[in-house]
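Engineer: Following is a predicted model, sequence given first.
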Amino acid sequence: MFDKKAHENRTKWFLEARFGMFIHWGLYAIPARGEWVQAYERMSAKEYEKYFHEFNPDSFCPSAWAKSAKAAGMKYAVLTAKHHDGFCLFDSALTEFKATNTRAGRDFVREFLDAFRAEGLKVGLYYSLIDWRHKDYPHYGDFHHPMGDNRDYEGQKHDFDNYLDYMHGQVRELCANYGKLDIMWFDFSYDSLMGEAWRASQLIKTIRSYQPDIIMNNRLEVSGSGFGSLLCEQPKDYYGDFVSPEQIIPPYGIKDEKGDDVPWEACVTMNKHWGYCSADNDYKKASTLIKKLVECVSKGGNMLLNVGPDARGDIPARSLEILAEIGQWMKNNSESIYGCGRATPDKPENGRITAKGKTLYYHITEKSIGDIPLHGVREEEIKRIRLLKDKSELRIQKSWIVNNYPDVVFVPEINSADETDTVIEVELK
Ligand code: GLC
């Protein structure tokens with residue numbers, strides 16, 4: 001039975017946090033062509049193993065990762081404990097294909113968790129439901145699988161129940177052996193592999209028995225597209241606590257059937273790949289990402305921004321620069337992000353609005369000629385107006401220029417405006 005109150009309580013911190021770091025990291029950092037390389041290049045598990053024998057990230061320093069996330073203003077992080085290739089960054093007793101058996105000999109999940117918790121960040125683990133390593137995960141005919149169209153595998157029998165035991169066992173290990181986890185991030189359901197095909201209700205029971213407050217995404221039900229039963233009057237037992245749109249910001253945010261906002265988190269890459277891709281320099285600008293974060297918040301959502309550390313364990317230099325730039329803006333303006341959400345006035349033509357209680361944050365992303373209009377608010381409703389970055393007073397402008405438009409509140413042009421997004425705080429009575 002869906003317990004609305006419990007769901008609200010669990011997701012409270014998540015809705016406050018608004019901004020997190022996604023980390024895709026694993027053996028695929030070596031070929032450096034993204035995390036789907038094994039499938040795209042139709043590599044057998046045996047061929048792929050060469051990267052396992054080589055993996056030895058000498059520069060891995062999770063406290064540096066955590067510091068850059070924190071400095072960017074992120075409040076939580078999610079690391080790929082196991083991706084589709086089946087390689088585990090944690091010390092699972094159920095497989096040999098794990099970080100502690102590489103030349104590195106380290107439990108990267110534990111180190112990640114310790115380092116991020118030490119910075120006061122919430123922690124989550126991504127766990128792939130799909131597994132291209134396990135002998136009992138369907139091969140032939142599964143078009144995602146590296147051997148999906150390899151005739152040698154046609155007719156091969158797979159004991160899927162055995163795989164499910166393994167998968168449940170690993171999720172149990174993560175939940176039982178690594179302290180308090182804030183997020184379990186599953187990936188992903190497709191075709192007939194969804195919901196109870198994963199024994200999802202049982203899995204959720206197990207997870208909650210160890211981690212009563214953990215929140216989960218909706219991918220036990222859907223993939224990066226699809227919403228899941230959280231939108232329905234009566235969500236399934238294995239409903240996700242939040243919807244996880246991928247590489248898109250939902251045009252209107254996401255609401256349930258009754259029209260109420262539900263928690264969602266857009267996961268977004270900085271360039272065009274999740275896992276490290278050495279040839280991909282097509283990075284979004286920091287200013288774009290700041291505006292996209294604001295867009296998410298103004299539509300009631302979170303943004304989970306990805307980095308793909310390389311085979312040595314370093315976050316790419318360009319990603320670090322972008323994070324630092326975002327951090328500069330967040331340092332001045334994060335109050336308009338944390339704990340904020342949709343505003344009642346519609347999106348104004350010169351930017352967006354986020355809101356928290358009686359405060360509206362006008363994000364001015366489009367410069368005016370002269371005085372700045374604050375659409376959607378009336379003068380008599382306003383208690384005070386401040387420039388958020390220094391809390392300096394902004395007085396309502398009165399002049400022969402603006403007096404022709406008595407229904408619009410104007411503030412004077414701001415000389416120290418932020419090129420990307422100048423935030424004006426409007427406190428209502
Ligand atoms: C996917 C991809 C994957 C990535 C994830 C992030 O569904 O398969 O590689 O980890 O989305 O949302």
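Structural biologist: Received the coordinates, thanks. Numbers count the residues shown, from 1 in each chain.
Engineer: Could I get the full set of strands for the stretch 101-250 of the chain?
Structural biologist: For the stretch 101-250 of the chain, applying DSSP state E, counting those that start in this stretch gives strands covering 122-128, 183-187, 215-216.
Engineer: What are the contacting residues of the second one?
Structural biologist: Going back to what we said before, that points to strand 183-187. With contact meaning CB atoms under 8 Å, 6 or more residues apart in numbering, strand 183-187 is reached by 14, 76, 78, 83-84, 122-130, 171, 174-175, 207, 211, 214-217, 219-220, 244. For glycine as for every other residue, the C-beta is placed from the backbone atoms N, C-alpha and C.
Engineer: The strands of the stretch 101-250 of the chain: which one's closest to Gly240?
Structural biologist: Comparing the strands of the stretch 101-250 of the chain against Gly240 with CB to CB, the closest turns out to be strand 215-216 (5.5 Å).
Engineer: Tell me which helix or strand comes right after the closest one.
Structural biologist: The first helix or strand that comes after strand 215-216 along the chain, using DSSP states H and E, is strand 265-268.
Engineer: Show me what that following strand is packed against.
Structural biologist: Using 3 or more CB pairs under 8 Å, 6 or more residues apart in numbering; DSSP states H and E as the contact criterion, the neighbours of strand 265-268 among helices and strands are helix 286-298, strand 302-307.
Engineer: what's the average pLDDT for it?
Structural biologist: Along strand 265-268, the predicted confidence averages to a pLDDT of 98.
Engineer: next one: it to chain centre, how far?
Structural biologist: Taking CA atoms, centre = their mean, to the nearest Å, one finds the center of strand 265-268 at 5 Å from the center of the full chain.
Engineer: Give me the most central residue, the protein.
Structural biologist: Of all residues in the chain, the one closest to the mean position by CA atoms, centre = their mean is Leu304, 2.3 Å from it.
Engineer: separation between the nearest residue to Trp264 once chain neighbours are set aside and the ligand?
Structural biologist: Counting by CB to CB, 6 or more residues apart in numbering, the nearest residue to Trp264 once its immediate chain neighbours are dropped is Val243, at 4.1 Å. Here the criterion is CB to the nearest ligand atom, to the nearest Å. By it, Val243 lies 12 Å from the ligand.
Engineer: Three-state assignment for Phe410, please.
Structural biologist: Under the three-state scheme (DSSP: H, G, I helix; E, B strand; the rest coil), the conformation of Phe410 reads as strand.
Engineer: Surely it and Leu394 touch.
Structural biologist: No: under the criterion of CB atoms under 8 Å, Phe410 lies out of contact with Leu394, with a separation of 10.0 Å.
Engineer: Can you pick out the residue with more neighbours from these two?
Structural biologist: Taking neighbours as other CB atoms under 10 Å, Phe410 and Leu394 compare with Phe410 leading, 21 against 18.
Engineer: bridging residues for that one?
Structural biologist: Counting by DSSP bridges, Phe410 forms beta bridges with Pro373.
Engineer: And it, how close does it get to the ligand?
Structural biologist: Using CB to the nearest ligand atom, which is the criterion applied here, Phe410 is 43 Å from the ligand.
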